[in-house]
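Asker: got a predicted structure plus its sequence, pasted below:
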Amino acid sequence: MDALLPALASPAFDAFKAVLCRLAAAPPQVLLLEGGSAAQRRDMALYWAMCCNCAQVAVAGAPCLACPVCRQMAGGEHLDLAAYDGGISNREDTENPGLVRAFTMENVRLLRRRLRDAPHGGGRRVVLLMGLGQTRDEAANALLKALEEPSATTVFVLLAPQREQLLPTLVSRAFCLTLPWQPDTAAEAALAPWEDALAVFLETGQGFLERASAKGAMDAAGADALLLACQKAMIRVLAANATPQRLDAALAPLDATGRAVACRWLAEAQEALRYGVTPARVLEALAARLFVLRRQRGVA
C-alpha cells in the first residue's frame with residue numbers, strides 16, 4: 001500500500017478503505033471524498049477504483065494491490081479510469097495533455113460519448129472529478145445530465161476539501177465520505193500565531209492586514225498552509241465539533257449560507273495562489289471578505 005498509494009500509509013485510513021471495500025459490492029453512482037489533503041483524496045479515489053475493478057475484491061474482500069489492474073489504477077493509466085480537473089486551463093490542456101484532463105465542455109462531451117461503450121475490463125469505469133466549483137457553466141450542466149443517466153458500468157468520484165464548495169445538485173447525488181486531517185505538530189505550532197491573528201481580525205477587524213502585508217512575512221507555502229487551516233476549521237464548524245479552536249470560534253457565527261460562501265472563497269484563494277498572486281494580497285483579500293461576511297451572515 002505504501003508504495004502504490006503513499007498518502008494512505010497512516011492506519012487512520014484503514015477504516016475508510018474498509019468502507020470502500022464494502023461499498024464495492026453495490027457501488028453508489030457518485031462518491032464524494034472530502035477532507036484530508038489533495039493527495040489523500042486522490043489516493044483514496046484510486047483505491048476506490050481498485051475496489052471496483054480488482055478481481056480479488058469478490059474473493060478476499062479487498063483489492064490485491066499487486067495485479068496489473070491495481071498497479072495501472074494507482075498510476076492513473078488504466079483504460080477504465082478517467083480524471084478531470086477544473087483547475088487545469090484550456091490552454092494547458094491543449095498544449096500539454098496528460099492523464100488528468102481539463103474539465104471543459106468539449107472534454108465532458110467526449111466523456112459522455114465514452115460512457116456509451118462498455119468498460120474495457122470486467123469491472124466498472126471510474127471517473128475522477130477534481131477542482132469543481134459552484135458555477136453552473138456548460139460543462140457542469142453536461143456533467144449533471146450524465147449523472148442523471150444511471151449506469152451499471154460507470155461510477156463517478158468527486159474530490160473536494162469540503163462538500164460546500166460543490167454544486168448542491170452534485171452533492172445531493174453523492175455518497176459522502178469525510179477523510180481525516182492528519183496532524184503535523186511542528187507545522188501547526190508554527191502556524192498557530194497566524195491562525196490566532198486571523199481569528200482576532202475576524203472578531204475585531206484589527207491586526208491581520210498589517211501582519212500579512214509586512215515584507216517577507218508570508219510566502220506561498222505558508223499562505224497555502226493557513227488556507228488549509230481555515231478549511232480544517234470550517235469542517236470542524238460544520239461537524240459541530242465539541243472542542244472548537246480559536247479560529248473555529250471566529251467562523252462559527254456564520255449561518256449556513258455564509259459558511260457555503262466562505263468555503264467557496266477559500267477555494268478561490270487557493271486557486272489564486274496557484275496562479276501566482278502575491279500571498280499577502282490573497283490573504284488580505286480573503287480576511288477582508290470574511291470579516292464583512294461574518295457581520296452580514298452572522299447568527300446570534
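Answerer: Here it is on my side, so go on.

Asker: what about Leu33, how many neighbours?
Answerer: 27 (other Cβ atoms under 10 Å). Any C-beta I mention is one placed from the backbone N, CA and C, and that applies to glycine too.

Asker: should've said Leu227
Answerer: 22.

Asker: other SSEs contacting the helix or strand containing Ala139?
Answerer: Using DSSP states H and E, Ala139 sits within helix 138-147. Secondary-structure packing of helix 138-147 (3 or more Cβ pairs under 8 Å, 6 or more residues apart in numbering; DSSP states H and E): helix 105-115, helix 168-171.

Asker: report pLDDT for the most centrally placed residue in the chain.
Answerer: Central residue of the chain (Cα atoms, centre = their mean): Ala160, 1.9 Å from the mean position. What the model reports as pLDDT for Ala160 is 90.

Asker: residues in contact with it?
Answerer: Leu32, Leu33, Glu34, Arg41, Met130, Leu132, Leu166, Ala267 (Cβ atoms under 8 Å, 6 or more residues apart in numbering).

Asker: now with 10 Å?
Answerer: Neighbour list for Ala160: 32-35, 38, 41, 129-133, 166, 170-171, 231, 263, 267 [criterion: Cβ atoms under 10 Å, 6 or more residues apart in numbering].

Asker: okay, and which of those residues map to helices?
Answerer: Within the contacts of Ala160, residues falling in helices by DSSP state H are Ala38, Arg41, Leu170, Val171, Gln231, Cys263, Ala267.

Asker: ok, the third one to Leu144 distance?
Answerer: In this structure, Leu170 lies at 7 Å from Leu144, with Cβ to Cβ, to the nearest Å as the measure.

Asker: neighbour-wise, which of the two wins?
Answerer: Counted by other Cβ under 10 Å, Leu170 and Leu144 do not tie: Leu170 has more neighbours, with 21 against 14.

Asker: would you turn the helices and strands packed on helix 138-147 into JSON lines with mean pLDDT?
Answerer: Formatted as JSON lines, the entries for those read as follows, by pLDDT from 0 to 100:
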{"stretch": "helix 105-115", "mean pLDDT": "90"}
{"stretch": "helix 168-171", "mean pLDDT": "87"}
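
Asker: before we move on, back to that, for PyMOL, write the selection for the buried entries among the contacts of Ala160.
Answerer: To isolate the buried members of these in PyMOL, using 16 or more other Cβ atoms under 10 Å:
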select buried, resi 32+33+34+35+41+129+130+131+132+133+166+170+171+231+263+267
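
Asker: contacting residues for the spatially closest residue to Gly122 that is not a sequence neighbour?
Answerer: Counting by Cβ to Cβ, 6 or more residues apart in numbering, Ala55 is the residue found nearest to Gly122 once chain neighbours are left out, at 7.2 Å. Ala55 sits next to Pro63, Cys64, Cys67, Val69, Cys70, Gly121, Gly122, Gly123 when contact means Cβ under 10 Å, 6+ apart.

Asker: highest neighbour count among these?
Answerer: Pro63 (28 neighbours).

Asker: verify the stated contact: that residue with Ala18.
Answerer: No. Using Cβ atoms under 10 Å, Pro63 makes no contact with Ala18, being 11.9 Å away.

Asker: can you list the weak-confidence ranges in the stretch 1-150 of the chain?
Answerer: For the stretch 1-150 of the chain, the stretches flagged by pLDDT under 70 are 1-2, 134-136.

Asker: in it, what residue spans correspond to strands?
Answerer: Under the criterion DSSP state E, counting those that start in this stretch, the stretch 1-150 of the chain contains strands at 30-35, 81-85, 100-102, 125-130.
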